[in-house]
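S.K.: structure of the sequence below:
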Amino acid sequence: MFINKIISMLFPKQKPNKRTVSNIKNNFTCKDVTLERYIKAFLNKKTDAKECLQTFIEYMAYDSDKHIKENKIIFEMLEDFLQDATWKTEWTIDCGDYNPTRPETWLKCIYSIYGDKLHYIKHAEQFLTDLNKEITADNVEETTSHWGMPVTAEEYLHKEELSEKEKSLREKIESGKFAPKEVILMVKDNWEVLYHYSTTYEAIEYCIAASENNITPEYFSSAFRDFGHKMGEIYCKAKEM
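M.R.: Here you go, the predicted structure:
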């Protein structure tokens, strides 16, 4: 017994190495190193939810490989974050380039992209006429595919709907009567058309940067991890294509 006591003094039992919350946060990994860095910063409280969401959107905006439909999964977090948000009444340093008193500058792309498509449709029809080619949906798609604003055959077949969308969205944006979350819902509802363009992501970032009274739900820590895992996988596959 005395010998055992001496042994225990000389060689104390090591406590099991428990995984602390800090270790769990630091151990977060995903296949996209940039997303991983952003999410780790949030998990370790080096950035807040607002800054982290903005960095996600910026990351999508300025790389055409990341202008993909799958980015839509971020809307649930955006809607919850902006649930009760209002527009700031004056510019503050965290707004960056986004002036909260001039929303149309950044949000007009939501309707102007539809207007641009209608503009290209007219040019394509004239172009085909000049070439004595038949004006069909497929020919319009082929013609505009070489221009800056492609129009799909499906869009051409429903060009009246494009016109109606442009009108209703323009009237809404020009009215100025909308909250940040309403803008996010407008973008979400028109995602099939809008996700291709960097100005769309700038409009989303405007809603984050120029808003106040934001909410950070408790589930964001796990949601950001899930977002990193899913989008990290998708972005890596997009690079390989």
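S.K.: what comes up buried for stretch 121-136?
M.R.: I121, A124, E125, F127, L128 (16 or more other CB atoms under 10 Å). (C-beta placed from N, C-alpha, C; glycine too.)
S.K.: of those residues, which belong to helices?
M.R.: Residues of these located in helices (DSSP state H): I121, A124, E125, F127, L128.
S.K.: save the residues you listed as TSV, and put in pLDDT and distance to Y98 too.
M.R.: What follows is those, written out as TSV (pLDDT from 0 to 100; distance: CB to CB, whole Å):
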residue	pLDDT	distance to Y98
I121	97	32
A124	97	35
E125	97	37
F127	97	38
L128	97	41
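S.K.: what about the residue most central in space within the chain, which SS state?
M.R.: With distances taken as CA atoms, centre = their mean, I57 lies nearest the centre of the chain, 4.3 Å away. Remark: I57 carries the secondary structure label helix [criterion: DSSP: H, G, I helix; E, B strand; the rest coil].
S.K.: hmm, it is touching A203, no?
M.R.: No: using CB atoms under 8 Å, I57 is not in contact with A203, being 9.5 Å away.
S.K.: what segments of the chain are strands?
M.R.: Along the chain, the segments classed as strands by DSSP state E run 86-87, 211-212.
S.K.: out of those, which is closest to C95?
M.R.: strand 211-212 (9.5 Å; CB to CB).
S.K.: give me the below-cutoff pLDDT ranges for this protein.
M.R.: In the predicted model of the chain, residues 1-26, 241 satisfy pLDDT under 70.
S.K.: quick check: the closest residue to Y59 other than its chain neighbours vs K239, distance?
M.R.: Distance criterion CB to CB, 6 or more residues apart in numbering; nearest residue to Y59, sequence neighbours excluded, is T34 at 6.1 Å. Distance from T34 to K239, counting by CB to CB, to the nearest Å: 12 Å.
S.K.: the more surrounded of these two?
M.R.: Between T34 and K239, counted using other CB atoms under 10 Å, the more crowded position is T34 (15 against 12).
S.K.: where do the helices of this protein begin and end?
M.R.: Listed in chain order, the helices of the chain (DSSP H) span 2-10, 21-26, 33-43, 49-61, 75-81, 103-107, 109-130, 137-144, 153-157, 159-175, 180-189, 191-194, 198-209, 220-240.
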